[in-house]
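1. Based on what follows, work out the 3D shape:
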Amino acid sequence: AGRIARPYRTNAGAVDSELSLLAQPNYPINGLVANPLYATDRPSLLALSSVVKVGRLDGPTVADAMDLVDRAVAAESRGLRGRAEYAEIPSILGHSAAGAPAGAATPPARREATARAAQRQAQPSIVNVKVPPLAVPIMRNADGQLRLDTVLLRPEQLMILFSFTHSYFMVDMEIPSAYVTFLRDLMPRKPRAEIYTSLGLQKQGKNLFYRDFLHHQQHSSDKFIIAPGIKGLVMLVFTLPSYPYVFKVIKDYFPPQKETTREGIMGKYQLVKQHDRVGRMADSLEFTNVAFPRHRFDDELYAELQKFAPSVMEEDEDGQVLILKHLYIERRMVPLNIYIQEAQGESLEHAVIEYGNALKDLVAANIFPGDMLWKNFGVTRNGKVVFYDYDEIEYLTDCHFRRVPAPRNEEEEMSGEVWWPVAPRDVFPETFAPFLLGDPQVREVFLRHHAELLDADFWNGQKQRILAGHVHDVFPYDPARRFGSA
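-> Numbering: from 1, shown residues only. Got it, this is the predicted structure:
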């Protein structure tokens, strides 16, 4: 058991799994064994020879399962007999179902079978035809009528619809894998794990995600390092450069300005998980007892973990495996502060406008991010700005937005400290500017597009609308694409 992490030590296994290992000499029986054929299209000869191909037959009774065997043996000896129907689609594939060129003479029996299949609108089992995406958002107007809001025709538009920044769809499906396969055809670059999660099957999504993560570790050699950007006060964030995700561990202690607890931070992440993320908050996968190869950790990162989060660390007896008892995994993005430092011209303007739009979308969802610094937002591959630091997040309706009172004397006016009384959830929007708008270029763009975010009246107005029951629609596509938007 020396090299197997404690959470994975077990001698339980399915019969077919044990049979598949017969070709492997001296394999460990006290823990899980990696499948060398998993997620690979071109396995090596060694991998192929080390796995015995095993099939499983299921049936309501033993007799039914045995009957499947008997019928298969009989078919091998006598051949298949019976009637088969199929459909020819030469206009699509350019060949008949039997492989003859389109337009070639077809035997009468086959023509009859084809006609019957066509009459029943039979579909071919496998057709290698690219399926164009088509998504039609449907809305209900004030009169209760349904209307089409727009049409989405590009894969990248669908990927945003099923993005990790949007809430799960909660789809009732008889065969989830069929839905996932269909959506993967429309969005080939979308990981299957994310599609399962987007459809509301988070357990399946996490399971598949973790399998892919283990597979990536087996086929990579780079080390886990501290994530680029400004280090957080409550989270220790690290990443694997070759892997597009970050790993977030709650620190054991926080500086005085962070009046929170581990339980409080976990509660904030749960709030985001259950809330409408409106395309502006990153989804996070929560894991416990995750085993990592110890040698894959950079020395600086390992020292940081020992310093700030020793309570979540555990190693096996020989120091080969590092177990982190609790962590969150999120999509890696470019921190907005780094993006703005490197951006110029239109890219800079787009980032600042997107930042303001992200704040307004969060406001529409009754969310106040708390810490609004650029470093707490990230930029996705599609150029969208997303919030990902949740330890100070609050419901907008729980906050009190105030103006800074006028100073009563010269001493108060010249004071560098806050001299007026401040309650725990008091927010003073006009004080955002010194922290956010130090760069003249950033300031000019922000004031031109989002000056109202520095006014308490804007925030109070949005708060009152939410309290009055108004629900503001946030669309996962450009509002300019909406029918009738012109």
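
2. Please count neighbours and contacts with C-alpha atoms only from this point.
-> OK.

3. Output the lowest mean pLDDT helix or strand found in the protein.
-> When the helices and strands of the chain are compared on mean pLDDT, DSSP states H and E, helix 90-93 comes out lowest with a mean of 37.

4. Not counting sequence-adjacent ones, nearest residue to Leu146?
-> The shortest distance from Leu146 to any non-neighbouring residue, by CA to CA, 6 or more residues apart in numbering, is to Arg140 (4.5 Å).

5. Hmm, Lys325 and Lys248 touching each other?
-> No: using CA atoms under 8 Å, Lys248 and Lys325 do not qualify as a contacting pair, with a distance of 11.8 Å.

6. Show me which of those two is the more surrounded one.
-> Between Lys248 and Lys325, counted using other CA atoms under 10 Å, the more crowded position is Lys248 (20 against 15).

7. Check for me that that one belongs to a helix.
-> No: according to DSSP: H, G, I helix; E, B strand; the rest coil, Lys248 belongs to no helix; its state is strand.

8. tell me the pLDDT at it?
-> Per-residue pLDDT puts Lys248 at 97.

9. burial count for Arg211?
-> Arg211 has 16 neighbours, counted by other CA under 10 Å.

10. Next one: Pro369 from Asp361, what distance?
-> 11 Å (CA to CA, to the nearest Å).

11. Dump the C-alpha coordinates for stretch 375-390 into PDB.
-> C-alpha atoms of stretch 375-390 as PDB (Å, rounded to 0.1, in the frame of the first residue of the first chain):
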ATOM      1  CA  LYS A 375      -7.300  41.200 -10.000                       C
ATOM      2  CA  ASN A 376     -10.500  39.500  -8.900                       C
ATOM      3  CA  PHE A 377     -11.800  39.300 -12.400                       C
ATOM      4  CA  GLY A 378     -10.500  37.300 -15.400                       C
ATOM      5  CA  VAL A 379     -10.700  37.400 -19.200                       C
ATOM      6  CA  THR A 380     -12.000  34.200 -21.000                       C
ATOM      7  CA  ARG A 381     -10.900  33.000 -24.400                       C
ATOM      8  CA  ASN A 382     -13.900  34.800 -25.900                       C
ATOM      9  CA  GLY A 383     -12.800  38.100 -24.400                       C
ATOM     10  CA  LYS A 384     -15.500  38.100 -21.700                       C
ATOM     11  CA  VAL A 385     -14.800  39.400 -18.200                       C
ATOM     12  CA  VAL A 386     -15.800  37.100 -15.400                       C
ATOM     13  CA  PHE A 387     -15.700  37.400 -11.600                       C
ATOM     14  CA  TYR A 388     -14.000  34.600  -9.700                       C
ATOM     15  CA  ASP A 389     -13.100  35.800  -6.100                       C
ATOM     16  CA  TYR A 390     -16.100  35.100  -3.900                       C
END
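
12. Please identify the buried residues of that stretch?
-> Using 16 or more other CA atoms under 10 Å as the test for burial, stretch 375-390 gives Lys375, Asn376, Phe377, Gly378, Val379, Lys384, Val385, Val386, Phe387, Tyr388, Asp389, Tyr390.

13. Serialize those residues to JSON lines and add fields for secondary structure and distance to Tyr253.
-> Below are the buried residues of stretch 375-390 laid out as JSON lines (DSSP: H, G, I helix; E, B strand; the rest coil; distance: CA to CA, whole Å):
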{"residue": "Lys375", "secondary structure": "helix", "distance to Tyr253": "21"}
{"residue": "Asn376", "secondary structure": "helix", "distance to Tyr253": "20"}
{"residue": "Phe377", "secondary structure": "strand", "distance to Tyr253": "23"}
{"residue": "Gly378", "secondary structure": "strand", "distance to Tyr253": "25"}
{"residue": "Val379", "secondary structure": "strand", "distance to Tyr253": "29"}
{"residue": "Lys384", "secondary structure": "coil", "distance to Tyr253": "33"}
{"residue": "Val385", "secondary structure": "strand", "distance to Tyr253": "29"}
{"residue": "Val386", "secondary structure": "strand", "distance to Tyr253": "27"}
{"residue": "Phe387", "secondary structure": "strand", "distance to Tyr253": "23"}
{"residue": "Tyr388", "secondary structure": "coil", "distance to Tyr253": "20"}
{"residue": "Asp389", "secondary structure": "coil", "distance to Tyr253": "17"}
{"residue": "Tyr390", "secondary structure": "coil", "distance to Tyr253": "17"}
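
14. now, which of the residues you listed sits nearest Arg482?
-> Lys384 (19.1 Å; CA to CA).

15. Was I right to think that closest one contacts Glu354?
-> Yes: counting by CA under 8 Å, Lys384 does reach Glu354; the two are 6.6 Å apart.

16. what do Pro369 and Asp361 both touch?
-> Between them, Pro369 and Asp361 share no contacting residue under CA atoms under 8 Å, 6 or more residues apart in numbering.

17. give me the low-pLDDT residue ranges for the stretch 251-400 of the chain?
-> Of all residues in the stretch 251-400 of the chain, none has pLDDT under 70.

18. actually the stretch 101-250 of the chain, not the one I wrote
-> 101-131.

19. Quick one: the strands in the stretch 101-250 of the chain, in order.
-> Ranges of strands within the stretch 101-250 of the chain are 138-140, 146-148, 225-226, 235-239, 245-250, based on DSSP state E, counting those that start in this stretch.

20. The residue nearest to Leu146 - how many residues pack around it?
-> 11.

21. Wait, it touches Arg147, no?
-> Yes: at 6.2 Å, Arg140 counts as touching Arg147 under the criterion of CA under 8 Å.

22. where exactly do the helices run in the stretch 351-486 of the chain?
-> Taking DSSP state H, counting those that start in this stretch as the criterion, the stretch 351-486 of the chain carries its helices at 410-414, 432-436, 440-450, 456-467.

23. Serialize the ones you listed to CSV and add fields for mean neighbour count.
-> Output for these, formatted as CSV (neighbours: other CA atoms under 10 Å):
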stretch, mean neighbour count
helix 410-414, 11
helix 432-436, 13
helix 440-450, 15
helix 456-467, 16
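
24. And these: which comes nearest Gln217?
-> helix 432-436 (38.8 Å).

25. Which residues lie in contact with the most centrally placed residue in the chain in this structure?
-> Residue closest to the average C-alpha location in the chain (CA atoms, centre = their mean): Phe164, at 3.7 Å. Phe164 is in contact with Glu194, Ser198, Gly279, Ala282, Asp283, Arg331, counting by CA under 8 Å, 6+ apart.

26. any idea how far it lies from Pro241?
-> From Phe164 to Pro241 the distance is 20 Å (CA to CA).

27. One more: Val62?
-> 51 Å.

28. More neighbours: those two, which one.
-> Ranked by neighbour count (other CA under 10 Å), Val62 and Pro241 place Pro241 first, with 15 against 10.

29. thought the more buried one was touching Phe224?
-> Yes: judged on CA under 8 Å, Pro241 makes contact with Phe224 at a distance of 7.3 Å.
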